[in-house]
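[1] task: produce atomic coordinates for the following.
(chains A and B)
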Amino acid sequence: MPFLASLVNPSIGLIFWMSLTFVTVLFLLAKFAWKPILNGLKEREASIADALNEAKRAREEMATMSARNEELMRAAREEREQLLKEAREIRDREIAAAKDKAKAEAEALLARARTDIRNEKNAALHEMKNQVAELSILVAERILKEKLADSKAQQALVDKVMAEAQLRRS
Amino acid sequence: MLLKPLLRHAFLLLAALLAGRSTAQHGTPDHGGDHAGPAAAEAHAGAPAAKFNAGDLIMGHVGDEHGWHLWGHTSLPLPVILYNSERGLSVFSSARFDHGHRTYGGYALHEGMVVAVNAPDGTDAHQAVVDQRLTEATLDLSITKNVATMIVVSALLLWVFISVARAYGRRAGQAPTGLQNLVEPIILFVRDDVAKSAIGHKYEKYLPYLLTAFFFIFFGNLLGLVPFFPGGANLTGNIAVTGVLALITFIIVTVNGNRHYWQHIFAMPGVPGWVLAILTPVEVLGMFLKPFVLMIRLFANITAGHIIALSFYSLIFVFGETSAGAGYGVAIGSWAFTVFMFMLELLVAFIQAYVFTFLSAMYIGAAVEEPHHH
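    Okay, the predicted model is just below:
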């Protein structure tokens, strides 16, 4: 089979052209295609890797920042709580103080009122006693005037008083 | 995966049978150098109702030819370049041979090969007396169909990849678009899954060769599947083409082989002396066998694919000769199977380019590998 033989017998001309063509193409492609393509790919891969790293870093930064924000918020909240608490305490204290003062004042007022009342009462009593005494003296005077209108009665009384005085002395 | 080689063998056998039949029919003298297909055979003067010859058709398509057969009786003439010390350099158009029917400048086509003859220009090629001694001394550097295809593939490669390279400069750091987007995954595939995985960290030095070989084979394979001009040639199924590629791999491996590589060939460490006497010849043989197998694998795969597809087309005409009805009947099945084969060949176009490149990378990897610390 001559055709099959020609199929497996490499022809010199084709070997020559193939070598020439392939080596030329290899050289041209290596210089003008593969070098820029592979460099471009490498650069792109590097830039993508960089971008990814950058994004990762930014994400981490964001995370730390948000943590810091959280911390700040928390601190602010705590401070507000503190302030509110203090304000409440101050208010309570003021109210208590005011209450105490009012109570003290009221008590002082009451005490004064009580003293006044007692004084008035005492004065009234005193006056009443004086008037009762005056009335008694007046009454006694009248009685005495009635009783000791004659000299005999006066002698009798003197005797009686003298007797009593003697009795008391002994 | 098991089915494919089986199919291959079956159809190679079929093709061989058809070829055998064709040579048996080849007795008619006026078909001597004509393998331009049935149409040309029919058109040939004085041939009464020539029978369809599947072997000629198939072999004409998978082989090489001077001039590029386009259709019917029309061929694209290509330059014929011949040299021998007696007649010096002869350059002329392949059209001068008139499809192998005429002699020119003391040469003629005989079964597709240029032979030296001693006859005036324009003599019937089949009548001319072949000068066997001078034929053997003649160097045929013609731009044949395969050389022309090789130039087409090269031009395609240069155009595609230089324009893609420009895109990388123009759109540095940006996402790929268009053609760049189409070839970039393949370039990355060759770089990462072929070169890097097989060679290791020294892959960059060999990447230009691997990429060029991959795309040369891939484009050649695809162009071979295109049934009309400028496709249809069996470039990557030509043993000279695959041989040169394999030879370049062999040269790269041999030139770059380090101490460790040569030591493993000539004096495998840790092997007793008497075993070395057997092992070393095997290893040395293996050194040459690897590129040889590379050459054969690509050649056989692509050629087989072409032969199968063409065999099924031929079946239509073989049956068509017995009766038109049978021809049309077979045509449906043949068509369906050829479509299937075509799909398979598209896959094979990629796989064979990958296999060749990957095995080349493996051999290079073995040659430049640093010794392991066992």
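[2] switch to C-alpha atoms for all contacts and neighbour counts from now on
    Will do.
[3] so B:His306 touches B:Val62, yeah?
    Yes: counting by CA atoms under 8 Å, B:Val62 is a contact partner of B:His306 at 6.7 Å.
[4] now do the shared contacts for these two.
    Residues within reach of B:His306 and of B:Val62 at once, by CA atoms under 8 Å, 6 or more residues apart in numbering or on different chains, are B:Asn234.
[5] B:Thr236: which element?
    Assigned by DSSP states H and E, B:Thr236 belongs to no helix or strand.
[6] so who does it touch?
    B:Ile217, B:Gly220, B:Asn221, B:Gly224, B:Thr242, B:Leu298, B:Phe299, B:Ile302.
[7] okay, it: pLDDT?
    You'll see B:Thr236 listed with a pLDDT of 90.
[8] for A:Ala111, see how far away it is.
    128 Å (CA to CA, to the nearest Å).
[9] cool, B:Gly122 as well?
    159 Å.
[10] give me the more crowded residue out of those two.
    B:Gly122 (16 against 12; other CA atoms under 10 Å in any protein chain shown).
[11] so that one sits in a helix?
    No: counting by DSSP: H, G, I helix; E, B strand; the rest coil, B:Gly122 is not found in a helix; it is coil.
[12] what does the stretch 201-350 of chain B put close to chain A?
    Counting by CA under 8 Å from any CA of the partner chain, the residues of the stretch 201-350 of chain B close to chain A are B:Pro208, B:Tyr209, B:Leu211, B:Thr212, B:Asn238, B:Ile239, B:Ala240, B:Val241, B:Gly243, B:Val244.
[13] got the residues of chain A near chain B?
    Counting by CA under 8 Å from any CA, chain A sits next to chain B at A:1, A:3-4, A:6-19, A:21-22, A:25-26, A:28-30, A:32-34, A:36-37, A:40-41, A:43-44, A:47.
[14] mind listing the strands for chain A?
    For chain A, strands defined by DSSP state E do not occur.
[15] so what's the residue count around the closest residue in space to B:Ala246 that isn't next to it in sequence?
    Of all residues beyond its chain neighbours, the one nearest B:Ala246 is B:Pro291 (5.0 Å), with distances taken as CA to CA, 6 or more residues apart in numbering or on different chains. The local packing of B:Pro291 (other CA under 10 Å) involves 26 other residues.
[16] correct me if wrong: B:Pro291 contacts B:Val244.
    No: B:Pro291 is not in contact with B:Val244 according to CA under 8 Å; the separation is 9.8 Å.
[17] gap between the residue in the stretch 1-150 of chain B positioned nearest to chain A and A:Ile48?
    Of all residues in the stretch 1-150 of chain B, the one sitting closest to chain A is B:Leu141 (4.2 Å; CA to the nearest CA). Distance of B:Leu141 to A:Ile48, given as CA to CA: 50 Å.
[18] more neighbours: the two, which one.
    B:Leu141 (20 against 14).
[19] isn't that one up against B:Pro79?
    No: counting by CA under 8 Å, B:Leu141 does not reach B:Pro79; the two are 9.3 Å apart.
[20] quick one: the helices in chain A?
    Taking DSSP state H as the test, the helices found in chain A are A:2-8, A:12-29, A:35-147, A:151-169.
[21] where does chain A dip in pLDDT?
    Along chain A, the parts satisfying pLDDT under 70 run over A:1-4, A:170.
[22] what's B:Arg102 sitting at in phi/psi?
    phi -120, psi 160 (degrees, to the nearest 10).
[23] what is the burial count for it?
    21.
[24] quick one: contacts for it?
    B:Arg96, B:Ala108, B:Asp121, B:Gly122, B:Thr123, B:Asp124, B:Ala125.
[25] return the members of those classed as buried.
    B:Arg96, B:Ala108, B:Asp121, B:Gly122, B:Thr123, B:Asp124, B:Ala125 (16 or more other CA atoms under 10 Å in any protein chain shown).
[26] which residues of the stretch 1-150 of chain B fall in strands?
    Assigned by DSSP state E, counting those that start in this stretch, the stretch 1-150 of chain B shows strands spanning B:68-71, B:74-76, B:79-84, B:88-93, B:107-110, B:113-116, B:139-140.
[27] now check the first one, is it near chain A?
    No: taking CA under 8 Å from any CA as the criterion, strand B:68-71 and chain A are apart, separated by no less than 15.1 Å.
[28] pull up the pairing partners for that strand, direction included.
    strand B:74-76 (antiparallel) (DSSP bridges).
[29] B:Ala167: neighbour count?
    20.
[30] leaving out chain neighbours, which residue sits closest to B:Phe312?
    B:Phe312's closest residue in space is B:Ser334 (CA to CA, 6+ apart), at 5.2 Å.
[31] and the most centrally placed residue in chain A, how far is that from A:Glu78?
    Note on chain A: the residue nearest the mean C-alpha position is A:Lys85, at 1.0 Å, using CA atoms, centre = their mean. Per CA to CA, A:Lys85 is found 10 Å from A:Glu78.
[32] for A:Leu72, same thing?
    Distance from A:Leu72 to A:Glu78, by CA to CA: 10 Å.
[33] shared neighbours of those two, anything?
    Common neighbours of A:Leu72 and A:Glu78 (CA under 8 Å, 6+ apart) do not exist.
[34] quick one on the thing from earlier: quick one: average confidence on the strand or helix carrying the residue nearest to B:Phe312?
    Taking DSSP H and E as the definition, B:Ser334 sits inside helix B:324-368. The average pLDDT for helix B:324-368 rounds to 89.
[35] which elements pack onto that helix?
    Counting contacts by 3 or more CA pairs under 8 Å, 6 or more residues apart in numbering or on different chains; DSSP states H and E, helix B:324-368 is packed against helix B:197-199, helix B:207-225, helix B:239-256, helix B:259-266, helix B:273-322.
[36] at 7 Å instead, please
    Secondary-structure packing of helix B:324-368 (3 or more CA pairs under 7 Å, 6 or more residues apart in numbering or on different chains; DSSP states H and E): helix B:197-199, helix B:207-225, helix B:239-256, helix B:273-322.
[37] redo these as JSON lines? Include distance to B:Gly72.
    Listed next are these as JSON lines, based on distance: least, CA to CA, whole Å:
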{"stretch": "helix B:197-199", "distance to B:Gly72": "48"}
{"stretch": "helix B:207-225", "distance to B:Gly72": "19"}
{"stretch": "helix B:239-256", "distance to B:Gly72": "27"}
{"stretch": "helix B:273-322", "distance to B:Gly72": "15"}
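[38] pick the most deeply packed of those helices.
    Greatest average neighbour count among the helices and strands packed on helix B:324-368 goes to helix B:207-225 (a mean of 24), per mean count of other CA atoms under 10 Å in any protein chain shown.
[39] could you dump that one to CSV, C-alpha only?
    The C-alpha trace of helix B:207-225 is given here as CSV (Å, rounded to 0.1, in the frame of the first residue of the first chain):
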residue,chain,number,x,y,z
LEU,B,207,6.1,28.2,29.0
PRO,B,208,6.6,30.0,25.6
TYR,B,209,7.4,26.6,23.9
LEU,B,210,4.5,24.8,25.7
LEU,B,211,2.0,27.6,24.8
THR,B,212,3.2,27.7,21.2
ALA,B,213,3.1,24.0,20.8
PHE,B,214,-0.3,23.8,22.4
PHE,B,215,-1.9,26.4,20.2
PHE,B,216,-0.1,25.3,17.1
ILE,B,217,-1.5,21.8,17.5
PHE,B,218,-4.9,23.1,18.7
PHE,B,219,-5.3,25.5,15.8
GLY,B,220,-3.9,22.9,13.3
ASN,B,221,-6.4,20.3,14.6
LEU,B,222,-9.3,22.7,14.4
LEU,B,223,-8.3,23.9,10.9
GLY,B,224,-8.1,20.2,9.9
LEU,B,225,-11.8,19.8,10.8
